[in-house]
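Undergrad: attaching a predicted model along with its sequence, questions to come.
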Amino acid sequence: MTPPTDKPKLLGQCERWLIPVLILSFCGATYWVSTTFKKMPPILKRGIQPSDFPQLLLLLLVFLTLLMVWKDPIRVRDRLMGSTVGTIALFAGFAALASIDFFLALGAFATVLSLFWGERRVPVLVLVGLLVPAAIFFTFDQVFEIRFPRGLLTSLWYG
Amino acid sequence: MDALIHGLVSLFDLHLLLLIFCATIGGVIIGALPGLNATTGAALLLPFTLTMEPVPAIATMTAIYCSATFAGAITAILINTPGTAASATTCLDGYPLAQQGQAGRALGMAVVASTFGGIFSVICLMLAAPLLARAAYHFSPPEYFALTLFGLSMLASIGDGSAIKNLIAGVFGILIAMIGVDNLTTVERFTFGSYHLYEGIGFVPVMIGVFGISELLVQSEKLHLKREVIRMKSVELPSARDYRESWRAILRSSGIGTFIGILPAEGATVASMIGYNEAKRWSRNPKLFGKGAIEGVAGSEAANNAATGGAMVPTLALGIPGSATAAVILAGLMVHGLQPGPNMFTEQADFAYAIFWSMMLVNLLFFVVGLRGAKIFARVTLIPVEVLWPVVFVFSIVGAYALDQSMFDVWVALVSGVIGYFMRRYGFSVVPLAIGLILGGMLEQRLGQSMVMLDEKWWLMFTRPLTLLFLVLTALALFGPAIWGRMVKRRAPLDSTGE
């Protein structure tokens, strides 16, 4: 774990307020969206209007958030680690590559993640990045008869 | 009685028996891997069961549930890292025993206590679930609404998070369930014109995200941790002296675990904590606890495995999950077109009893697997995270895609994973979110039906005795711990002065 320094403390203070503000903003925006739902005539509304229950929940969420700020504020002990930020960035890479080919993206992601987390043995990387995705692809394709989205590699198989 | 026998007979199918055996082994491996647990395992397995018939599909998931809950003890005893949260208390005495060269003895007791607790709870499940279902058969929408509300209120005390944060996560989960076309009025809500959101957010991708992918991000923080496995010769069956010392703890914890499991949303983790504490409280050698008391291992393991059967009681009889893994199993039942609740014991009784018998079988199977294979499964704990988690990611993403063959579900799983990670980072449990998502639609539907039935006079709910009882229980679940805490605080200074 990263030893506590002044910076994480500052960051923690920021996050302590940032999260409730985010939740309250979300509640405000969602409540506004819920006011745009269609209103049903009394004969068709079946007990409650479509907006009633979400609005009730949003008010409850606001109350609980304020209670959290007062009674149980958010405390962050450690700074977000580089390995976590890098892994989230790799998710974005996977999403971008998936538009070219789903399994190419999965294999590439698995290989790069394994490398990023410290694996250096080539046979292990081949296992993680090539053999496992390929085995999963063929299992789902042949056993479960699931069609994956067409792409650079999958089109070779589907023809 | 017929259903009981039919259920047992339906298990005598080679394909099904093989499947249950493989799932038991798979569950033990999942439970033995730090970071993976029964809930994640069941969530990852769910898409793989899509092509199966309902009995093999749900039997596979329950096999994972029971065996993974037991297997958490392997890592707890050998590497002082609980494979599942429910085994955290097993570390307290299991690891000291292992350090004293008695790992085989501790594991043997864990196997015996888990098996006893598991079988005890399945017998209770067989007796209690149909009775509960029969009682619930006459419930009207207001009773169901209040009962669902009670189930959700129990989320406040789930896990080790704060009650307020748990409730926030639960409400957030219910809000996600509001996305899509309203079942009562067919009005679109929060769809923003996207046809992907027309049928709402699927709970399977969300579960894969919050349990599987968020755990991957949690593991990314622990890359520097080194694990060492304590060597052992073999797993030993407990001696006569061990049985004499522990039988009371096993029996007591089995009862506690089953009861805690039956309570909506409370699972094996709470059960094992209470089971361990009670074992210590009633022990003749309480000072030995934490230093290697065999009773500690027995108390913790009997309780957490007994909670598995207990948790299935409200899940099958009322459609309210008894634990996080039971919530995933509930999702599995829904995906397979089954509606848990009182009708299950009249319309699908054979199915329900087949599941009970399969759970019984799993408990017997992991007794053999645990005794014979714990030494091998202990090696599994050494699989490096940099190999394990990329593979788990591939499984998670393919599983999320497979359900509806939709890339949208893949993005939902990824986004849920990132949100789940940040929720955990800031002290919010993801379990209430998952349970809220499953029960949200049901809660709103029952509120709507109640309002129609009561002619929109909601206060009439308080005039119905059962509804009132559930509402009082809800209030107790929400405010009881705070009031109790205040009372204890007030009394504490008096006690310290001896007055």
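TA: Received the coordinates, thanks. This is a predicted model, so every value here is computed, not measured.

Undergrad: got phi/psi on residue 36?
TA: This is for chain A. The phi and psi values for A:Thr36, taken as degrees, to the nearest 10, are phi -90, psi 0.

Undergrad: and for B:Glu188?
TA: The phi and psi values for B:Glu188, taken as degrees, to the nearest 10, are phi -70, psi 140.

Undergrad: so how many other residues sit close to the closest residue to B:Met451 other than its chain neighbours?
TA: Closest residue to B:Met451 apart from its sequence neighbours, by CB to CB, 6 or more residues apart in numbering or on different chains: A:Gly47 at 3.1 Å. In short, each C-beta sits where N, CA and C put it, glycine included. Neighbour count for A:Gly47, taken as other CB atoms under 10 Å in any protein chain shown: 23.

Undergrad: same question for the one 3 residues further on.
TA: Burial of A:Pro50 is recorded as 25 neighbouring residues (other CB under 10 Å).

Undergrad: the nearest residue to it once chain neighbours are set aside: neighbour count?
TA: Nearest non-adjacent residue to A:Pro50, counting by CB to CB, 6+ apart: B:Val187, 4.1 Å away. Burial of B:Val187 is recorded as 17 neighbouring residues (other CB under 10 Å).

Undergrad: again with the one 5 residues further on
TA: For B:Phe192, the count of nearby residues is 9 (other CB under 10 Å).

Undergrad: and stretch B:100-116, what's buried?
TA: By neighbour count on 16 or more other CB atoms under 10 Å in any protein chain shown, the buried set for stretch B:100-116 is B:102-116.

Undergrad: ok, and which of the residues you listed reach chain A?
TA: Near chain A, taking CB under 8 Å from any CB of the partner chain as the test, no member of the buried residues of stretch B:100-116 is found.

Undergrad: that older thread, roughly how far apart are the residue nearest to A:Pro50 and B:Val171?
TA: Relative to B:Val171, B:Val187 is positioned 21 Å away (CB to CB, to the nearest Å).

Undergrad: which residues does the closest residue to chain B within chain A contact?
TA: The shortest separation between chain A and chain B is 3.1 Å, found at A:Gly47 (distances taken as CB to the nearest CB). When the contact criterion is CB atoms under 8 Å, 6 or more residues apart in numbering or on different chains, the partners of A:Gly47 are B:Leu184, B:Leu447, B:Gly448, B:Gln449, B:Ser450, B:Met451, B:Val452, B:Glu456.

Undergrad: show me the contacts for the second one.
TA: Taking CB under 8 Å, 6+ apart as the criterion, B:Leu447 is in contact with A:Gly47, A:Ile48, A:Phe53, B:Phe145.

Undergrad: now flag whichever of the residues you listed is closest to A:Cys27.
TA: Sorting the contacts of B:Leu447 by distance to A:Cys27 puts A:Phe53 at the head of the list, at 14.6 Å, by CB to CB.

Undergrad: state the distance from the closest one to B:Ala163.
TA: 23 Å.

Undergrad: mind listing what's buried along stretch B:113-130?
TA: Within stretch B:113-130, the residues that count as buried by 16+ other CB under 10 Å are B:113-122, B:124-126, B:128-130.

Undergrad: and the residue of chain A closest to chain B, helix, strand or coil?
TA: Using DSSP: H, G, I helix; E, B strand; the rest coil, the structure places A:Gly47 in coil.

Undergrad: tell me the backbone dihedrals of it, please.
TA: When quoted as degrees, to the nearest 10, the phi and psi of A:Gly47 stand at phi 100, psi -50.

Undergrad: in a helix, that's where A:Glu145 is, yeah?
TA: No - residue assignment for A:Glu145, taken from three-state DSSP, gives coil, which places it outside any helix.

Undergrad: what residues are up against it?
TA: Under the criterion of CB under 8 Å, 6+ apart, the contact partners of A:Glu145 comprise B:Thr51.

Undergrad: swap in B:Ala331?
TA: Contacts for B:Ala331 were tallied using CB under 8 Å, 6+ apart; they are B:Leu46, B:Phe203, B:Val204, B:Met207, B:Ile438.

Undergrad: for ChimeraX, what selects the buried ones among those residues?
TA: Restricted to buried positions by 16+ other CB under 10 Å, the ChimeraX selection for the contacts of B:Ala331 reads:
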select /B:46,203,204,207,438
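
Undergrad: please list the residues of the stretch 101-250 of chain B that sit near chain A.
TA: Residues of the stretch 101-250 of chain B lying near chain A by CB under 8 Å from any CB: B:162, B:164-165, B:167-168, B:171-172, B:174-175, B:178, B:182, B:184-185, B:187-190, B:216-217, B:220-221, B:223.

Undergrad: go again with 10 Å.
TA: Counting by CB under 10 Å from any CB of the partner chain, the positions of the stretch 101-250 of chain B adjacent to chain A are B:141, B:161-172, B:174-175, B:177-179, B:181-190, B:192, B:213, B:216-225.

Undergrad: what's residue 127 in contact with, if anything?
TA: Going with chain A. Residues touching A:Leu127, when contacts are defined by CB atoms under 10 Å, 6 or more residues apart in numbering or on different chains, comprise A:Ala110, A:Ser114, A:Glu119, A:Arg121, A:Ala135, B:Val387, B:Pro390, B:Val391.

Undergrad: hmm, no, I was thinking of chain B.
TA: With the criterion set at CB under 10 Å, 6+ apart, B:Leu127 makes contact with B:Val313.

Undergrad: quick one: which helix or strand includes it?
TA: For B:Leu127, the element it lies in under DSSP states H and E is helix B:103-136.

Undergrad: and whichever helix or strand comes after that helix, what does it pack against?
TA: Next along the chain after helix B:103-136, taking DSSP H and E as the criterion, comes helix B:141-153. Packing partners of helix B:141-153 (3 or more CB pairs under 10 Å, 6 or more residues apart in numbering or on different chains; DSSP states H and E): helix B:103-136, helix B:163-177, helix B:294-318, helix B:431-453, helix B:465-496.

Undergrad: again, only using 6 Å
TA: Contact analysis of helix B:141-153 by 3 or more CB pairs under 6 Å, 6 or more residues apart in numbering or on different chains; DSSP states H and E lists helix B:431-453, helix B:465-496 as its packing neighbours.

Undergrad: give me the distance from the longest helix along chain A to the chain's centre.
TA: Residue-count comparison of every helix in chain A, with assignments taken from DSSP state H, identifies helix A:6-34 as the longest. Relative to the chain's own centre, helix A:6-34 is displaced by 18 Å; criterion: CA atoms, centre = their mean, to the nearest Å.

Undergrad: ok, now stretch B:391-405?
TA: Averaging C-alpha positions (CA atoms, centre = their mean) puts stretch B:391-405 22 Å from its chain's average.

Undergrad: before we move on, what about stretch A:135-152?
TA: Centroid displacement of stretch A:135-152 relative to its chain, using CA atoms, centre = their mean, is 24 Å.

Undergrad: in that stretch, what's buried?
TA: A:Ile136, A:Phe137, A:Phe140, A:Ile146, A:Phe148, A:Pro149, A:Gly151.

Undergrad: relative to A:Glu145, how far out is whatever residue of the stretch 1-150 of chain B ends up closest to chain A?
TA: Taking CB to the nearest CB, chain A has its nearest neighbour within the stretch 1-150 of chain B at B:Thr51, 5.1 Å off. To A:Glu145, B:Thr51 is 7 Å away according to CB to CB.

Undergrad: cool, and B:Ile74?
TA: Taking CB to CB as the criterion, B:Ile74 is separated from A:Glu145 by 36 Å.

Undergrad: do the same with A:Val112
TA: In this structure, A:Val112 and A:Glu145 are separated by 30 Å, where distance is defined by CB to CB.

Undergrad: distance between stretch B:476-488 and the chain's centre?
TA: Counting by CA atoms, centre = their mean, stretch B:476-488 comes out at 25 Å from the chain centroid.
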